[in-house]
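Asker: Have a look at this prediction, sequence included:
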Amino acid sequence: MADGQPARRVVDILTGAWQAQALYAVAALHLPDHIAAGNTSAAKIAAAAGCDEDGIERLLRLATAMGVFEDTADGYRLTEVSELLRSDDPRSMRDMAVIYGEEFHRAWGQVVPALRTGTSGFAVAFGTPLRGYLETEPGAGEKFQKAMNAGNVFFPDVLKAHDFTACRTVVDVAGGSGMLLSTVLREYPRLRGVLFDLPHMTPVAREHLRSTVGSDRWQTVAGDVFDKVPPGADVYLLSRVLQDWDDERCVRMLSVIREAMPATGRLLIVERVIPTDGSGLLALLWDLHLLMAAGGRERTLDGYGSVLDGAGLRLESVTPMALETSLLVAAPA
């Protein structure tokens, strides 16, 4: 390496958190919304946001260097990046930026205690695990689901990776807001769906499914995936759920699903697969983030194969999707 390059690399990595927090501030203060409304000067943007003009001007300058905005002769303009941070964009990632800048930023602040004890950084920072926080903190569950939805740009890839034409029923296990289920149901109008999740999550799903699918092709069922799930469906969906649990609990969950599946059924798993060749930085980042957020983990392909095998399932296929996610299709062994 040339002189200075290792030091520059260290500085670039260390200041990456500053860029993330700058992006959080842009989202939390609704700056893309204010610019879209016609406030294009730093003074007008600051006034619309209720902020100090000097601070906003400096934030805009940094965000422009990051590619979030464009500084033109006529004022600040949105880029493709900041369009994704607008509140009214159907692809909006604003809610994701907010929870990553608030709760998850605090969780990562406890990375050293988390690594020393094996406890999630979130539990150290908030005094309760993420799951308990979502159940007891007013508005936290909905905030978390909105953030999860914002990161679901790979859901359309599920439709490319698996053909649902011959299916009649699909159950989305721990389906959250119902965004994956609605994506499938809208593409296959003859398909009926069931969203299965804990009681405090189903109201959010009902609202989303009513607005996107209608009211006659789906139902929500409340329950615990470690006890039982609705039986007899052609396809079961499990999107980013295994990542939250250790191997023992994953085998228990998958065994419950296997018991509910008919012999011809399939289980579609959406997760990130840790590469064994050193590539795929995003999967490795998310793996450590899961320890910080919920005490969870990503797995290698062999790791997923092991928990599936323990539940009487076999891995049938793996299809790469956007943002280093994969669709794993499993069948009864």
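Answerer: Thanks, I have it. Numbering: from 1, shown residues only.

Asker: Tell me where the protein is predicted with low confidence.
Answerer: Along the chain, segments meeting pLDDT under 70 span 1-3, 151.

Asker: how about a cut-off of 80?
Answerer: Counting by pLDDT under 80, the low-confidence segments of the chain come to 1-4, 149-152, 278-280.

Asker: what residues go with each domain of it?
Answerer: What automatic domain parsing lists as the domains of the chain is 5-91, 97-148, 152-274+296-332.

Asker: What is the end-to-end distance of the second one?
Answerer: One end of domain 97-148 sits 11 Å from the other (Cα to Cα, to the nearest Å).

Asker: Could you point out which of the domains of the chain sits nearest residue 283?
Answerer: Taking Cβ to Cβ, domain 152-274+296-332 is the member of the domains of the chain nearest to residue 283, at 4.3 Å. C-betas here are computed from N, CA, C, even on glycine.

Asker: Quick check: phi and psi on residue 239?
Answerer: The main-chain torsion angles of residue 239 are listed as degrees, to the nearest 10 and equal phi -100, psi 110.

Asker: Excluding covalently adjacent residues, which one is nearest to it?
Answerer: Across the structure, with Cβ to Cβ, 6 or more residues apart in numbering as the measure, the residue nearest residue 239 apart from its sequence neighbours is residue 270 (4.0 Å).

Asker: Any idea how far apart the tips of stretch 7-26 sit?
Answerer: Using Cα to Cα, the span of stretch 7-26 from its first residue to its last is 29 Å.

Asker: what's in contact with that stretch?
Answerer: 32, 59, 62-63, 66, 68, 82, 85, 97-98, 100-102, 105, 108 (Cβ atoms under 8 Å, 6 or more residues apart in numbering).

Asker: As CSV, the domains of the chain with mean neighbour count and distance to residue 290 would be great.
Answerer: Putting the domains of the chain into CSV (neighbours: other Cβ atoms under 10 Å; distance: least, Cβ to Cβ, whole Å) gives the following:
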stretch, mean neighbour count, distance to residue 290
domain 5-91, 16, 17
domain 97-148, 17, 9
domain 152-274+296-332, 18, 4
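
Asker: Tabulate those (JSON lines), appending distance to residue 284.
Answerer: Formatted as JSON lines, the entries for the domains of the chain read as follows, by distance: least, Cβ to Cβ, whole Å:
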{"stretch": "domain 5-91", "distance to residue 284": "14"}
{"stretch": "domain 97-148", "distance to residue 284": "14"}
{"stretch": "domain 152-274+296-332", "distance to residue 284": "7"}
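
Asker: how about those, which one is nearest residue 281?
Answerer: Comparison of the domains of the chain against residue 281 by Cβ to Cβ identifies domain 152-274+296-332 as nearest, at 8.4 Å.

Asker: The closest one: how far from the chain's middle?
Answerer: Average the C-alpha atoms of domain 152-274+296-332, do the same for its chain, and the two points are 14 Å apart (Cα atoms, centre = their mean, to the nearest Å).

Asker: Any idea how far apart the tips of that domain sit?
Answerer: The first-to-last residue distance of domain 152-274+296-332 comes to 27 Å (Cα to Cα).

Asker: returning to that earlier point: same question for the residue nearest to residue 239, what's its three-state structure.
Answerer: For residue 270, the assignment made with DSSP: H, G, I helix; E, B strand; the rest coil gives strand.

Asker: if I look at it, how far off is residue 17?
Answerer: Counting by Cβ to Cβ, to the nearest Å, the separation of residue 270 from residue 17 is 28 Å.

Asker: try residue 55
Answerer: Residue 55 sits 19 Å away from residue 17 when distances are taken as Cβ to Cβ.

Asker: Repeat that for residue 53.
Answerer: Distance of residue 53 to residue 17, computed by Cβ to Cβ: 25 Å.

Asker: nearest spatial neighbour of the residue nearest the centre of the chain, skipping sequence neighbours?
Answerer: The centroid of the chain falls nearest to residue 148 when counting by Cα atoms, centre = their mean (3.6 Å). Using Cβ to Cβ, 6+ apart and skipping the chain neighbours, the partner closest in space to residue 148 is residue 176 (6.0 Å).

Asker: Residue 240 is in contact with the residue nearest to residue 239, correct?
Answerer: Yes: counting by Cβ atoms under 8 Å, residue 270 sits close enough to residue 240 to count as a contact (5.9 Å).

Asker: okay, and the common contacts of those two?
Answerer: Listed contacts common to residue 270 and residue 240 are nil; contacts here mean Cβ under 8 Å, 6+ apart.

Asker: Identify the bridge partners of residue 272.
Answerer: With DSSP bridges as the criterion, the beta-bridge partners of residue 272 are residue 325.

Asker: Please enumerate the helices of the stretch 101-250 of the chain.
Answerer: For the stretch 101-250 of the chain, the helices defined by DSSP state H, counting those that start in this stretch occupy 103-108, 111-117, 121-126, 130-136, 140-150, 155-161, 179-187, 202-212, 247-260.

Asker: Good, wrapping up.
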